[in-house]
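Peer 1: sequence below, structure please.
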Amino acid sequence: MENRDVHRQKGSEELWLKVAYDVLTESGVEAVKVMPLAKRLGLSRTGFYWHFRDREALLEAMIQHWERKNTGNLVAQTELSAQTVCEAVFNLYDCWVNPNLFDARLDLAIRNWARNEPSLQLRLDAADTRRKSALIAMFTRFGYDARDAEIRSMTAIYTQIGYLSMQVREDLSYRLSMMPDYVQVLTGKTPSPQEIATFMARHRDQA
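Peer 2: Modelled structure (predicted):
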């Protein structure tokens, strides 16, 4: 019984990270402070220190989560097996509609945070470079020359960053319906009915 009481008082690492994420994406990094987080959870401040050395350790854990989830998953999606460039771009677009692969709110929060944190800006720049390189490699794999691959990669990245920054709100089914046209614009190729159907089937339960 005593061990269960202690667990309730200190919570779990995942619980502290979740509430920190909520505050970061709602109000920015300045609002991510130990005491307000503890009050939000209904736990004692000392419970936080069972899991994190200090606030900086919590912030670092969130940054590492962002690097693994957003950049790591994006790169992995570009490296998936694909028979055509349209299929490859649909794999990339899974990130834009599946929050389990890519967390748009977190990406925007990190970008806003980095504006006033030079060390984080360096990591953001490195992440963007890694994403760009992965996209260039994807396009190059399908025969685009170096300059063409770079332009198309930058277009994909800048378009998504703009989408996040504008905080576009649209029905997911509508966004999915637009994806084949986005693929055609980005690749210069028309996706086949089968490629479109396969992509839509992956997200049927989300729409």
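Peer 1: what does the lengthiest helix in the chain rub up against?
Peer 2: Ordering each helix of the chain by length in residues (DSSP state H) puts helix 118-141 first. Residues outside helix 118-141 that contact it (C-beta atoms under 8 Å, 6 or more residues apart in numbering) are 63, 67, 70-71, 74-75, 78-79, 85, 88, 92, 110-111, 113-115, 146, 148-150, 152-154, 156-157. Placement of C-beta: from N, CA and C, glycine included.
Peer 1: in this structure, which spans are helices?
Peer 2: Counting by DSSP H, the chain has helices at residues 2-10, 13-27, 34-41, 45-48, 55-66, 73-78, 85-97, 104-114, 118-141, 146-165, 172-187, 193-202.
Peer 1: which elements pack onto the fifth one?
Peer 2: Helices and strands touching helix 55-66, as assessed by 3 or more C-beta pairs under 8 Å, 6 or more residues apart in numbering; DSSP states H and E, comprise helix 13-27, helix 104-114.
Peer 1: who wins for proximity to Ile161 among those?
Peer 2: Minimum separation from Ile161 across the helices and strands packed on helix 55-66 (C-beta to C-beta) falls at helix 104-114, 7.5 Å.
Peer 1: pull the distance from the closest one to the chain's centre.
Peer 2: Relative to its parent chain, helix 104-114 has a centroid offset of 9 Å by C-alpha atoms, centre = their mean, to the nearest Å.
Peer 1: next: stretch 49-61.
Peer 2: That offset, for stretch 49-61, works out to 22 Å (C-alpha atoms, centre = their mean).
Peer 1: next, the buried residues of that stretch.
Peer 2: Across stretch 49-61, burial judged by 16 or more other C-beta atoms under 10 Å covers 51-52, 58-59, 61.
Peer 1: in a markdown table: those residues, plus distance to Gln167 and pLDDT.
Peer 2: Formatted as a markdown table, the buried residues of stretch 49-61 follow (distance: C-beta to C-beta, whole Å; pLDDT from 0 to 100):
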| residue | distance to Gln167 | pLDDT |
| --- | --- | --- |
| His51 | 31 | 94 |
| Phe52 | 30 | 96 |
| Leu58 | 25 | 98 |
| Leu59 | 23 | 98 |
| Ala61 | 25 | 97 |
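Peer 1: which one of the residues you listed is nearest Ser165?
Peer 2: Leu59 (21.9 Å).
Peer 1: so the closest one makes contact with Lys33?
Peer 2: No - using C-beta atoms under 8 Å, Leu59 makes no contact with Lys33, being 10.6 Å away.
Peer 1: now for Leu172, how many residues are close by?
Peer 2: Leu172 has 11 neighbours, counted by other C-beta atoms under 10 Å.
Peer 1: done for today, thanks.
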